[in-house]
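*Asks:* need a 3D model of the sequence below.
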Amino acid sequence: MGAALPLLPNPAARRLFLAGAGLAAAPTGAAKDAALAGLIDSLGFVQVDSITTVARAHHMILRARRQGYRAEALPPLLARRALWEHWTHDAAILPIALYPHWRHRFARDAERLHGNWRKWFREGYEAQFDTILRRIEADGPVKASEVGAGEARGKGGWWDWHPSKTALEWLWRTGALAITRREGFQKVYDLTERVIPADLRAAAPSAEETLDWACTSALDRLGFATSGELAAFWRAVTPDAARGWCRAALARGDLIEVAVQGADGGPRRAYARPDLLARAEAAPEPPARLRILSPFDPALRDRARTEHLFSFHYRIEVFVPEPQRRFGYYVFPVLEGARLIGRIDTRADRATATLATRAFWSEPGAPLTKARLARLEAELTRLAAFSGCNSLDFAPGWQRGAP
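*Replies:* Just a heads-up that it's a prediction; the model follows:
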């Protein structure tokens, strides 16, 4: 690490990063209509995930930033086409204005996915493309459960799709279809021209314009980043392209290189705008209240970045066999101010309307003091109400020490 690089101290780096992730202010304010659309725009996107131990990931993400948020506020924005669903690093809900920049991704995915999908999925899906498109054109939107009559089906595992389901997903990922709504959690697919407004479908940014948008907008939200982190934010451009963008911006003086101090004191090189230190100094100190975060929260999705800034090692254990799990199937990180102070195994038992907590593990240096326990119970009470529960339950010995 070059000694001449400006040093961004760890506390300031945390504050700036959490501000960009929407976690520097108290979770108050309006949480529907234009205010909700604005929140999603400020984040860039919210990841969609099907697991509902408490609530689905996108609802948990939004609720962590607006305590008044309710799940029923989101579908009207999708129906009015203020938002749409597609793919970043995973399935996500995004501002509709970003659609033109996905044109390059559609073409790239059509080329990139061919080889992988032919290995991963059962044969026959490519033969269904025209059939699916003709049916939707003639009869309207469909769900995967409504197509593929008579096709061999798997045993219900993730990605074990019948050929027509695979065809639907392919046509969605490559831009011919779009998600018009969800019923339950099932996607409802329609022709893209019936979902995306005509002016956005007609817009055709160049590859260079999309590259500049992707890197600039990612840096706006991250505050400081490596070229790899910029490329990974939207997954809209390649790492090589992002690396070239950073070098060119550095040569123009639009970016500087800095050393970002980690939680362990070690520095890591990153790119930032020239006013980084002033913006970091001005970043507010997040409120001390506790927030239980989704494992897919924007503040956590880059696990390596989270570990560098917060000394918080986190891996989701959904796919780990139960005897080998260190913590649990779906454990939630807990944020207090600008620190990740623990992780909690809690789930909504909807049969008894109880939010049941099996365990809480404190991080080193953040014991569950009486005051912290009171804040945790207050957050669990709020989370219970959000998930439709009216009581809390704690397993014997649920308070654990540092992992």
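*Asks:* what segments of this protein are strands?
*Replies:* Using DSSP state E, the strands of the chain run over 7-8, 46-47, 83-87, 91-95, 177-183, 186-191, 256-261, 267-272, 290-292, 332-336, 339-349, 354-362, 391-394, 399-400.
*Asks:* with mean neighbour count and distance to R14 added, can I get those in JSON lines?
*Replies:* C-beta: built from backbone N, CA, C; applies to glycine. Listed next are the strands of the chain as JSON lines, based on neighbours: other Cβ atoms under 10 Å; distance: least, Cβ to Cβ, whole Å:
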{"stretch": "strand 7-8", "mean neighbour count": "19", "distance to R14": "10"}
{"stretch": "strand 46-47", "mean neighbour count": "23", "distance to R14": "22"}
{"stretch": "strand 83-87", "mean neighbour count": "21", "distance to R14": "29"}
{"stretch": "strand 91-95", "mean neighbour count": "21", "distance to R14": "25"}
{"stretch": "strand 177-183", "mean neighbour count": "18", "distance to R14": "35"}
{"stretch": "strand 186-191", "mean neighbour count": "18", "distance to R14": "37"}
{"stretch": "strand 256-261", "mean neighbour count": "21", "distance to R14": "10"}
{"stretch": "strand 267-272", "mean neighbour count": "20", "distance to R14": "14"}
{"stretch": "strand 290-292", "mean neighbour count": "23", "distance to R14": "14"}
{"stretch": "strand 332-336", "mean neighbour count": "23", "distance to R14": "11"}
{"stretch": "strand 339-349", "mean neighbour count": "22", "distance to R14": "8"}
{"stretch": "strand 354-362", "mean neighbour count": "19", "distance to R14": "19"}
{"stretch": "strand 391-394", "mean neighbour count": "14", "distance to R14": "30"}
{"stretch": "strand 399-400", "mean neighbour count": "16", "distance to R14": "25"}
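*Asks:* R135: which of those is closest?
*Replies:* strand 186-191 (10.4 Å; Cβ to Cβ).
*Asks:* what does that closest one rub up against?
*Replies:* Applying Cβ atoms under 8 Å, 6 or more residues apart in numbering, the contact partners of strand 186-191 are 85, 133, 136-137, 140-145, 168, 171-172, 176-182.
*Asks:* and L78, how far from N10?
*Replies:* Using Cβ to Cβ, to the nearest Å, L78 is found at 38 Å from N10.
*Asks:* among those two, which residue is more densely surrounded?
*Replies:* Just comparing L78 and N10: by other Cβ atoms under 10 Å the higher neighbour count belongs to N10, 21 against 18.
*Asks:* if the closest residue to the more buried one other than its chain neighbours is in a bridge, with which residues?
*Replies:* What sits nearest to N10 in space, not counting adjacent residues and going by Cβ to Cβ, 6 or more residues apart in numbering, is Q261, at 4.3 Å. According to DSSP bridges, the partner residues bridging Q261 are P267.
*Asks:* contacting residues for Q261?
*Replies:* Per Cβ under 8 Å, 6+ apart, neighbours of Q261: L7, L8, P9, N10, A13, P267.
*Asks:* and the closest residue to the first one other than its chain neighbours, how close does it get to Y271?
*Replies:* Read it as L7. Excluding its sequence neighbours, the residue lying closest to L7 (Cβ to Cβ, 6+ apart) is A259, at 5.0 Å. A259 sits 12 Å away from Y271, taking Cβ to Cβ as the criterion.
*Asks:* OK, contacts around L78?
*Replies:* By Cβ under 8 Å, 6+ apart, the residues touching L78 are W84, E85, I93, R181.
*Asks:* V318 against Y330, yeah?
*Replies:* Yes. Contact criterion Cβ atoms under 8 Å: V318 and Y330 qualify, at 6.2 Å.
*Asks:* and those two? which has more neighbours close in?
*Replies:* Under the criterion of other Cβ under 10 Å, the comparison of V318 against Y330 puts Y330 first, with 18 against 15.
*Asks:* per-residue pLDDT, the more buried one?
*Replies:* Note on Y330: pLDDT of 93.
*Asks:* how about the helices in the chain?
*Replies:* All helices of the chain, identified by DSSP state H, fall at 10-20, 33-43, 57-65, 74-79, 103-120, 129-139, 163-173, 198-202, 207-222, 227-234, 239-252, 276-282, 303-310, 370-386.
*Asks:* R289: which of these is closest?
*Replies:* When the helices of the chain are ranked by proximity to R289, the top entry is helix 370-386, at 6.2 Å, counting by Cβ to Cβ.
*Asks:* tell me the mean pLDDT over the closest one?
*Replies:* In this model, helix 370-386 has a mean pLDDT of 97.
*Asks:* one more: stretch 305-320?
*Replies:* Averaged across stretch 305-320, the pLDDT comes to 94.
*Asks:* kindly report the same for stretch 393-403.
*Replies:* pLDDT averaged over stretch 393-403 gives 90.
*Asks:* report the distance from it to the chain centre.
*Replies:* 28 Å (Cα atoms, centre = their mean, to the nearest Å).
*Asks:* what's that stretch in contact with?
*Replies:* Applying Cβ under 8 Å, 6+ apart, the contact partners of stretch 393-403 are 326-327, 343, 349, 354-364, 368, 373.
*Asks:* ok, now which ones touch the residue nearest to L7?
*Replies:* Going by Cβ under 8 Å, 6+ apart, A259 touches M1, G2, L5, P6, L7, L8, P267, R268, R269, A270.
*Asks:* cool, and G175?
*Replies:* W102, R103, F106, T192.
*Asks:* and the residue lying closest to W172 once chain neighbours are set aside, how far is that from I132?
*Replies:* Among residues not flanking W172 along the chain, Y189 sits closest, at 6.2 Å (Cβ to Cβ, 6+ apart). Separation of Y189 from I132 (Cβ to Cβ): 8 Å.
*Asks:* give me the common contacts of these two.
*Replies:* The contact lists of Y189 and I132 share V142, L168, L171, L177, where a contact means Cβ under 8 Å, 6+ apart.
*Asks:* please report how far R301 lies from K165.
*Replies:* From R301 to K165 the distance is 26 Å (Cβ to Cβ).
*Asks:* more neighbours: those two, which one.
*Replies:* Using other Cβ under 10 Å, the more surrounded residue of R301 and K165 is K165, with 24 against 18.
*Asks:* hmm, A144 and that one touching each other?
*Replies:* Yes. The criterion here is Cβ under 8 Å, and K165 meets it with A144 at 4.2 Å.
*Asks:* alright, I will stop here.
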